[in-house]
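S.K.: here are the coordinates; sequence isn't available:
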């Protein structure tokens, strides 16, 4: 089984490298990259599982602790995701439903701006939203609507479900990081395709996008990574209006 574990991680590394190179090509052409990273995660998990029954059948008894460790890691991650979901559900009862620029949103004291939920995702905005300019409110709302249209919460939930099967596979976590970044970039391009000014949008990202609580069950406006934010602004500057429209 140790050889199978090493081969599984090596496969994930090779797929990560291939997806990273393909991502740059697709970005230059103004194409979405989220499905590229989701495919890398799925392939990294599903292909090795095809050989797992034979590996387990031939595994010596003294290696049984490897199976136990795997079970503990997967169970722990699943429990953590469940606890965060329960935490999110418990906070929903305190949210206030309001109409923002004609769209129903939920106001929260410490969560947002984000899209939260899986079966029925909701736009969640922080209470300080009322203190910023209406144009900035409109940009935050438009971004959240793009998240809903692209089904980002469901996409992230699928990625986490795959990683639960192999939480010990470290390259999978890097692939998840790249998937989250690809989701951000794709939403940026959709915002530009809808005609929002890049400068105004970049200001909103920098000033208001990172007040996010870090929920697994929610899709934030901005990842808490200044380097990633600078990279996104650089990519936005390279998008033409026609390239961005390819993502609609």
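M.R.: Good, I have the coordinates. Since this is a predicted model, take the numbers as computed values, not measurements. Residues are numbered from 1 along each chain as shown.
S.K.: Can you tell me which residue is spatially central in this structure?
M.R.: For the chain, residue 180 is the residue whose C-alpha lies nearest the centre (C-alpha atoms, centre = their mean; 3.4 Å).
S.K.: following the strand or helix carrying that residue, which helix or strand shows up next?
M.R.: Element membership for residue 180 (DSSP states H and E) is helix 170-193. Downstream of helix 170-193, the next assigned helix or strand under DSSP H and E is helix 198-208.
S.K.: all helices for the chain, in order.
M.R.: Using DSSP state H, the helices of the chain run over residues 2-28, 34-57, 64-92, 134-150, 152-165, 170-193, 198-208, 226-238, 241-245.
S.K.: Might you list the low-confidence residue ranges for the chain?
M.R.: 62, 208-229, 237-248 (pLDDT under 70).
S.K.: Isn't residue 44 up against residue 170?
M.R.: No - in this structure residue 44 lies outside contact range of residue 170 using C-beta atoms under 8 Å: 11.0 Å. C-beta here means a position set from N, CA and C on the backbone, and glycine is covered the same way.
S.K.: From residue 156, how far out is the closest residue to residue 171 other than its chain neighbours?
M.R.: Ranked by C-beta to C-beta, 6 or more residues apart in numbering and with sequence neighbours excluded, the top spatial neighbour of residue 171 is residue 12, at 3.6 Å. The gap separating residue 12 from residue 156 is 19 Å, by C-beta to C-beta, to the nearest Å.
S.K.: out of the two, which sits in the more crowded spot?
M.R.: residue 12 (25 against 21; other C-beta atoms under 10 Å).
S.K.: got a list of what that one touches?
M.R.: 40, 44, 169, 171, 172, 175 (C-beta atoms under 8 Å, 6 or more residues apart in numbering).
S.K.: Please list only the buried members of the residues you listed.
M.R.: Applying 16 or more other C-beta atoms under 10 Å to these, the neighbour count classes 40, 44, 169, 171, 172, 175 as buried.
S.K.: Could you find which two of the residues you listed are furthest from each other?
M.R.: Based on C-beta to C-beta, the longest span within the buried ones among the contacts of residue 12 runs between 40 and 169 and measures 11.9 Å.
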